[in-house]
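In: from the sequence below, what's the structure:
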Amino acid sequence: MSAAAETLGLSAAARIDLVLSDRWVAYPQGQAALQRLEELLRGTQRTRMPSLLVVGDPDMGKTTILRKFMRGRSATFDPETGRSQMEVVAIEAPPEADELRLYGAILDAIGAPIPARRTMEVERAVHGQLQRLRTRLLVIDETNNLTIGTGAAQRKTLAALRRLSNTLSLAMAYFGTLEALNALTSDPQTEGRAQPFRLARLAKDETYAGIVAAVVGHFPLRMKSKVDSALVGAVHEISGGSPGKTFRLLNAAAVAAIDSGREQITVESLHAEEVVRHVRTAMAMRRGARARAAAG
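Out: Model prediction:
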C-alpha cells in the first residue's frame, strides 16, 4: 500500500491532525524572504553589520516564514572542542520598549539564567553568552512592540540593540507590522542599516493558482477537489490575497470536508459559515457594518 493510500485510510481525527500540522508551501514572496535571511546569516562580519526588516500587515505570512527559517537551527554541540554553538537566536520583543526585558528575552531564548537585576550586569551576561555561542544573527519578532512605552525607553532599547550588533558583529532581522518600521526609523543610526522587505497581498494569477493547488493537493481527502478558476477565484476573494488567510481558509475547508463526509473542497463549501469564520476579522465586520449603514 502506498503512503498516500495509507494516509487516506487513517481515521477522520488523524487526517484532520495532518491538515492542521505545520508545513511549508513554497511561494515566491516567502522564498525571497527566506533567501534574504540566509544572505544576512552568511554575510561577512564587519564593523557595521546590516539588518533586515520583514514588515507587513497581519496575516501576511511573517510568522510562517520565521518558523520555516528557524527549523533545524537549534544549538549544536561539538564534542571535540566541548563548545556549543547557536548561530541564530530568535526572540519575541517584550510587550513594550524595555532594555532589561529585552536582555531577559535573549537569555531565556538561549537557556541562560538572568544573573541580576542591574542592567549593566545583565547586558554583560548577554554579550558574553552570545559571544560564547558564536551567534551570527539575532531575530526579533513583533518588533512593533518597541513603539510602546516612553520615548526614553524606546531610545534605550534601540541603543541596546545597536550595541549588540556593533560589539559582536551581529546581524539583525526584525519582523513586524508597519509600526516596526516606524520604531526602527525613529533612530537614524538603526534606520541606515535596516533594509526593508515588504510582504504584500498575493495577486490572483497563475502563481496563486499554483499555491492553492499545492495546498489542496496536500490534504488527505478521499475525493478529488476541482481546483479550477472558480475555486481559485473564491479563495482569493474570501482571503483578500492574504497568505495567512489563504492557508487558514483552505485548512478550515479541508477540516469541514472531513467532518461532513463530503471529502472534497468546493466553491460552495468555501462560503460555508463554519469555514469563512476562520478568516473573518473584526475590521472586516466593521467595514461591512459601515457599508450596510451607508446603503440603508
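In: contacts for stretch 250-265?
Out: Residues from elsewhere that reach stretch 250-265 (CB atoms under 8 Å, 6 or more residues apart in numbering): 12, 15-16, 19-20, 212, 215-216, 219, 221-226, 231, 235, 269-270, 272, 274-275, 278-279. (Glycine included, C-beta is placed from N, CA and C.)
In: out of those residues, which end up buried?
Out: Neighbour counting over the contacts of stretch 250-265 (16 or more other CB atoms under 10 Å) leaves 15-16, 19, 212, 215-216, 219, 221, 225, 231, 235, 269-270, 275, 279 as the buried ones.
In: and which of those residues is nearest R36?
Out: Closest to R36 out of those is V215 (23.7 Å), distances taken as CB to CB.
In: can you give me the buried ones in stretch 83-103?
Out: Neighbour-count burial for stretch 83-103, counted by 16+ other CB under 10 Å, picks out 86, 88-91, 93-94, 97-103.
In: which one of those is nearest to A183?
Out: Nearest to A183 among the buried residues of stretch 83-103: A97, at 8.0 Å, using CB to CB.
In: torsion angles phi and psi at that closest one?
Out: For A97, the backbone dihedrals (degrees, to the nearest 10) come out as phi -60, psi 120.
In: can you tell me the closest non-neighbouring residue to it?
Out: For A97, ignoring the flanking residues on the chain, the nearest one in space by CB to CB, 6 or more residues apart in numbering is G149 at 3.8 Å.
In: residue contacts, the one you found?
Out: Contacts for G149 (CB under 8 Å, 6+ apart) come out as E96, A97, D98, T157.
In: then A171?
Out: The contact partners of A171, by CB under 8 Å, 6+ apart, come to L40, L41, G43, M49, P50, S51, L52, R136, L137, L138, S165.
In: from those, list the buried ones, please.
Out: Using 16+ other CB under 10 Å, the buried ones in those are L40, L41, M49, P50, S51, L52, R136, L137, L138, S165.
In: with distance to I65 and secondary structure added, can I get the contacts of A171 in TSV?
Out: Formatted as TSV, those follow (distance: CB to CB, whole Å; DSSP: H, G, I helix; E, B strand; the rest coil):
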residue	distance to I65	secondary structure
L40	13	helix
L41	14	helix
G43	19	coil
M49	21	coil
P50	18	coil
S51	16	strand
L52	11	strand
R136	19	coil
L137	14	strand
L138	16	strand
S165	22	helix
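In: so which of those sits lowest on pLDDT?
Out: Taking pLDDT as the measure, those have their low point at G43 (77).
In: so that residue makes contact with L52?
Out: No: with contacts defined as CB atoms under 8 Å, G43 does not count as touching L52, sitting 10.3 Å away.
In: any weak-confidence spans in the stretch 101-250 of the chain?
Out: Within the stretch 101-250 of the chain, the segments meeting pLDDT under 70 span 187-192.
In: fine by me, we can end here.
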